[in-house]
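Student: The following block contains a protein sequence and its predicted model.
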Amino acid sequence: MVQRLETIGAAVETERPGEAFFALDGLRGIHGGDSPGVLGAVRKAVGRGPRVGVAPTRLAAFAAAWKSPAHLRGPAGATVVPPNSLRSFAGSLRTSVLPLRLDPPHSEAADLALALERLGVETLRDLSGISADQMADRFGALGLEALRLARGEEEPLCPRSPHEELAEQVELPEGTAGRQLDRALALLVDRLLSAPQRRGRTLLGLRLGARLVAGGSWSVEQGLGRPSASARVLRSVLAPRLESLPGPATALRLRAVGLGPPATDQLELSVGGAEPRRQRLGAAVREVRSAQGTESLLKVLPVDPDSRVPERWAALTPFPAL
């Protein structure tokens, strides 16, 4: 489930089996510019089974998905708690929800919730009115953590690093510079876009790096204005970065920082009937590549036509995705 969420661009925090938290803000621009668009993409990614809750805090989002009140049910079957309703919604939750969110969940958390109920502290609104000193004296560190949850005081999300890495590297002959570097970059871009693990998704950002002749390394990150899988766009934004290379390099490396929605979800401009033809060609390229492998369709890329070494004149590179 987490991997499917990451395919739509979500940066996911998942510390316990069966639950995942991520922020909507960075996804709105990718999926229609609003929350319903994001929630539709989420539902499409995870299916109808998982419950989805939206709220300004983890506790409220978890409770929204868990309780799923009918009056808060929003688009794509998600339960949405607006920011102006957070205080009333969270305050109405019973303290019995605390053992489900205290970290780590254990019998002490259940004992804490039971003790609070016996003391007449039945809801999080009741709990938030107790002073920190009183909670610390009676329940220690666990009581203070429960009080912070009741007051909506949570740490920022800590998303995991996706385990799947999409990266390509090309070795450079000694003395590579100028147009040869540009052609090496074009080779890297073509290889990255044709990598099977990309599975047709767009790229959200890139990291261009180099291994230097004099020792050490160099790298720079390049964000994209919008998700893209266009070789032309990627080359145009990365080429100026090569000018800041501090010295001759023995290798160039290109890595995808994040993967976005599939390229087919992007808006495309149709001009003079060329776009349908491009789409058919793209579908044919993907079909051949899925059946015969990444190296089944190649093109000749001029590398160093003026070199005295014939092997440096050109290189075979994967045919670009259309």
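Tutor: Cool, the structure landed. Numbering: from 1, shown residues only.
Student: The stretch 101-250 of the chain: helices as residue ranges?
Tutor: 107-118, 124-128, 132-150, 179-194, 231-238 (DSSP state H, counting those that start in this stretch).
Student: so which of those gets nearest Gly247?
Tutor: Closest to Gly247 of those, according to C-beta to C-beta: helix 179-194, at 12.1 Å. Where you see a C-beta, it was placed from the backbone N, CA and C, and this is true even at glycine.
Student: which regions of the stretch 1-150 of the chain sit below the pLDDT cut-off?
Tutor: Applying pLDDT under 70 to the stretch 1-150 of the chain flags the ranges 70-71, 104-106.
Student: now the helices of the stretch 101-250 of the chain as TSV including mean neighbour count?
Tutor: Shown next, in TSV, are the helices of the stretch 101-250 of the chain (neighbours: other C-beta atoms under 10 Å):
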stretch	mean neighbour count
helix 107-118	16
helix 124-128	20
helix 132-150	17
helix 179-194	20
helix 231-238	16
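Student: Compare those and give me the one nearest Pro310.
Tutor: Judging these by C-beta to C-beta, what sits closest to Pro310 is helix 179-194, at 15.3 Å.
Student: Which secondary structure elements does that closest one sit against?
Tutor: strand 167-171, helix 231-238, strand 249-262, strand 298-302, strand 314-318 (3 or more C-beta pairs under 8 Å, 6 or more residues apart in numbering; DSSP states H and E).
Student: let's see it at 10 Å
Tutor: strand 167-171, strand 201-212, helix 231-238, strand 249-262, helix 274-292, strand 298-302, strand 314-318 (3 or more C-beta pairs under 10 Å, 6 or more residues apart in numbering; DSSP states H and E).
Student: export these to CSV and tack on mean pLDDT and distance to Ser88?
Tutor: Formatted as CSV, the helices and strands packed on helix 179-194 follow (pLDDT from 0 to 100; distance: least, C-beta to C-beta, whole Å):
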stretch, mean pLDDT, distance to Ser88
strand 167-171, 90, 48
strand 201-212, 90, 36
helix 231-238, 91, 46
strand 249-262, 87, 35
helix 274-292, 66, 50
strand 298-302, 76, 61
strand 314-318, 77, 56
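Student: Which of these sits closest to Ala115?
Tutor: Judging these by C-beta to C-beta, what sits closest to Ala115 is strand 249-262, at 44.8 Å.
Student: in that closest one, what counts as buried?
Tutor: Neighbour-count burial for strand 249-262, counted by 16 or more other C-beta atoms under 10 Å, picks out 249, 251-256, 258-262.
Student: which one is Ser307 nearest to, not counting chain neighbours?
Tutor: Computed as C-beta to C-beta, 6 or more residues apart in numbering, the closest residue to Ser307 that is not its neighbour in sequence is Trp313, at 6.2 Å.
Student: Next up, the contacts around that neighbour.
Tutor: 300, 302-307 (C-beta atoms under 10 Å, 6 or more residues apart in numbering).
Student: which of these sit farthest apart?
Tutor: Farthest pair in the contacts of Trp313, by C-beta to C-beta: Val300 and Asp306, 16.3 Å.
Student: so Arg211 bridges to which residues?
Tutor: Arg211 has the following beta-bridge partners by DSSP bridges: Ser217, Ala251.
Student: Surely it and Trp218 touch.
Tutor: Yes - contact criterion C-beta atoms under 10 Å: Arg211 and Trp218 qualify, at 8.3 Å.
Student: which residues are common contacts for the two?
Tutor: Common neighbours of Arg211 and Trp218 (C-beta under 10 Å, 6+ apart) are 249, 252.
Student: Any idea which of the helices and strands packed on helix 179-194 gets closest to Gly18?
Tutor: Nearest of the helices and strands packed on helix 179-194 to Gly18, taken as C-beta to C-beta: strand 249-262 at 23.5 Å.
Student: any chance of the contacts of Trp313 in a markdown table, plus distance to Arg198 and neighbour count?
Tutor: Converted to a markdown table, the contacts of Trp313 look like this (distance: C-beta to C-beta, whole Å; neighbours: other C-beta atoms under 10 Å):
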| residue | distance to Arg198 | neighbour count |
| --- | --- | --- |
| Val300 | 23 | 10 |
| Pro302 | 25 | 12 |
| Val303 | 24 | 20 |
| Asp304 | 28 | 20 |
| Pro305 | 30 | 10 |
| Asp306 | 34 | 8 |
| Ser307 | 32 | 13 |
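Student: Which one of those is nearest to Leu116?
Tutor: Closest to Leu116, out of all of these and judged by C-beta to C-beta, is Val303, at 70.8 Å.
Student: if I pick the closest one, what's in contact with it?
Tutor: Per C-beta under 10 Å, 6+ apart, neighbours of Val303: 173, 176, 179-180, 183-184, 186-187, 311-315, 317.
Student: Please render those residues as TSV that adds distance to Gly9 to the earlier fields.
Tutor: Formatted as TSV, the contacts of Val303 follow (distance: C-beta to C-beta, whole Å):
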residue	distance to Gly9
Pro173	37
Thr176	34
Arg179	34
Gln180	34
Arg183	31
Ala184	29
Ala186	26
Leu187	27
Glu311	41
Arg312	39
Trp313	40
Ala314	36
Ala315	32
Thr317	27
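Student: Fine by me, thanks again.
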